[in-house]
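[1] Here is my input; please provide its structure:
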Amino acid sequence: MIAPMAVEVGRPVRFTGYAEDYGVPIAAVQFSLDGGETWTDYDVSGSTGDRWVHWIFEYTPEVAGSYCLLVRSVNDRGEVSPEPDAASFTAFDPEGGLRG
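    Numbering: from 1, shown residues only. Presented below is the predicted three-dimensional model:
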């Protein structure tokens, strides 16, 4: 997806991407910041099989440390991406580095 990056605690970081499933409509794009334990859906209502779904996910880290955003898609047959994409990032406190 993207290379690791550093972001400031308390400032939003935006991720964007596309999902498609070779002619099968996308029913959901899902995001996880806890290793896949829980997933948050991105609204893709109106998706059709003949075009990609553009998604945007914004997150504001409140604590300094390392994070990994997982992203997966689900098609309208209920089939989930075999491997989620991952984007790693580090949140830092400009006053104190990586201390939380």
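[2] Which helix or which strand is home to residue 7?
    strand 5-8 (DSSP states H and E).
[3] how far is that strand from where the chain is centred?
    15 Å (C-alpha atoms, centre = their mean, to the nearest Å).
[4] what does stretch 66-81 give?
    Put simply, stretch 66-81 sits 8 Å off its chain's centre (C-alpha atoms, centre = their mean).
[5] what's the burial count for residue 8?
    14 (other C-beta atoms under 10 Å). From N, CA and C alone the C-beta is placed, and that goes for glycine too.
[6] Would you enumerate the residues in contact with the residue nearest to residue 38 when sequence neighbours are not counted?
    Closest residue to residue 38 apart from its sequence neighbours, by C-beta to C-beta, 6 or more residues apart in numbering: residue 32 at 6.2 Å. By C-beta atoms under 8 Å, 6 or more residues apart in numbering, the contact set of residue 32 is 38, 39, 40, 69, 70, 84.
[7] try residue 21
    Applying C-beta under 8 Å, 6+ apart, the residues near residue 21 are 49, 73, 75, 79.
[8] how far away is it from residue 33?
    24 Å (C-beta to C-beta, to the nearest Å).
[9] all helices of the chain, in order?
    Using DSSP state H, no helices are found in the chain.
[10] helices or strands up against the strand ranked longest in it?
    If you go by DSSP state E, the chain has its longest strand at strand 65-75. The contact analysis (3 or more C-beta pairs under 8 Å, 6 or more residues apart in numbering; DSSP states H and E) places strand 65-75 against strand 13-19, strand 26-32, strand 53-59, strand 85-92.
[11] Can you add mean pLDDT and distance to residue 44 and give those strands back as a markdown table?
    Compiled in a markdown table, those are given as follows (pLDDT from 0 to 100; distance: least, C-beta to C-beta, whole Å):
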| stretch | mean pLDDT | distance to residue 44 |
| --- | --- | --- |
| strand 13-19 | 91 | 8 |
| strand 26-32 | 94 | 5 |
| strand 53-59 | 91 | 5 |
| strand 85-92 | 93 | 16 |
